[in-house]
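In: here is the input, now give the coordinates:
(chains A and B)
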Amino acid sequence: QQQVKQSPQSLIVQKGGISIINCAYENTAFDYFPWYQQFPGKGPALLIAIRPDVSEKKEGRFTISFNKSAKQFSLHIMDSQPGDSATYFCAASLWTGANNLFFGTGTRLTVIP
Amino acid sequence: DAGITQSPRYKITETGRQVTLMCHQTWSHSYMFWYRQDLGHGLRLIYYSAAADITDKGEVPDGYVVSRSKTENFPLTLESATRSQTSVYFCASKTIFTDTQYFGPGTRLTVL
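Out: Here you go, the predicted structure:
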């Protein structure tokens, strides 16, 4: 059973457009929600993360929006660039020492020049 | 600064053979993790370790064995490989002070 559900599976956006990827979770005990970016042939790398005590976090062109009551969170990429073309994974974890991550199934983003 | 490395990067083996995937980190991170990545499943945790000689199961541990005799190494062994274990395997590590996990470059394993 997938603990974190992610959509869409793939996304094509024009350069300069906004990319939006959505995730939903069921376990209300989750308290850390990171997004990872993965380029082909590489390991995932942390892009941005949020805790449930805030509704939004912005770092440059990347923003996480978090809706605790709906148990949903999303990644917005503003002014999308061809270099943003990658696979994006949302994840969630419980606050324990290990912070074991439960990942979504991934979204392959393609930004067309 | 090597960070976290995995070896081999590519491996082809046959059903029933034993295979060991290596993971080495130079940061002295306490926690280390093994994930497998499969299309349609994202990444799923196989095993993790909080310190040397302390390991615990993740979501999908069946068919895998881990050990951690030294802080910097966390090998993953498939004792009798099956075709369903064909996957890309990622090792990760983190400190006790942060939530961020740092991933290695992955090992692509094919079981024929």
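
In: contacts and neighbour counts: CA atoms only from here.
Out: Noted.

In: what residue in chain A comes nearest to chain B?
Out: Residue nearest to chain B within chain A (C-alpha to the nearest C-alpha): A:Thr105, separated by 3.9 Å.

In: what's the pLDDT at the nearest residue to that residue once chain neighbours are set aside?
Out: Distances taken as C-alpha to C-alpha, 6 or more residues apart in numbering or on different chains place B:Gly42 nearest to A:Thr105, at 3.9 Å, with adjacent residues excluded. B:Gly42 is assigned 92 on the pLDDT scale.

In: so what pLDDT did residue 57 get?
Out: I went with chain A, as the question did not name one. pLDDT, A:Lys57: 97.

In: wait, chain B
Out: Looking at B:Lys57, its pLDDT reads 95.

In: still on that earlier bit, what about the residue of chain A closest to chain B, how many residues nearby?
Out: Applying other C-alpha atoms under 10 Å in any protein chain shown, we find 27 residues neighbouring A:Thr105.

In: and if you look at the one 3 residues further on?
Out: By the measure other C-alpha under 10 Å, the count of residues near A:Arg108 is 20.

In: beta partners of the residue nearest to A:Thr105?
Out: B:Asp38 (DSSP bridges).

In: which ones are touching it?
Out: By C-alpha atoms under 8 Å, 6 or more residues apart in numbering or on different chains, the contact set of B:Gly42 is A:89, A:103-106.

In: and the two most separated of the residues you listed?
Out: Within the contacts of B:Gly42, two members stand farthest from each other by C-alpha to C-alpha: A:Phe103 and A:Gly106, at 8.0 Å.

In: from B:Gln18, how far out is the residue of chain B found nearest chain A?
Out: Closest to chain A within chain B is B:Gly42: 3.9 Å, counting by C-alpha to the nearest C-alpha. Computed as C-alpha to C-alpha, to the nearest Å, the B:Gly42 to B:Gln18 distance reads 25 Å.
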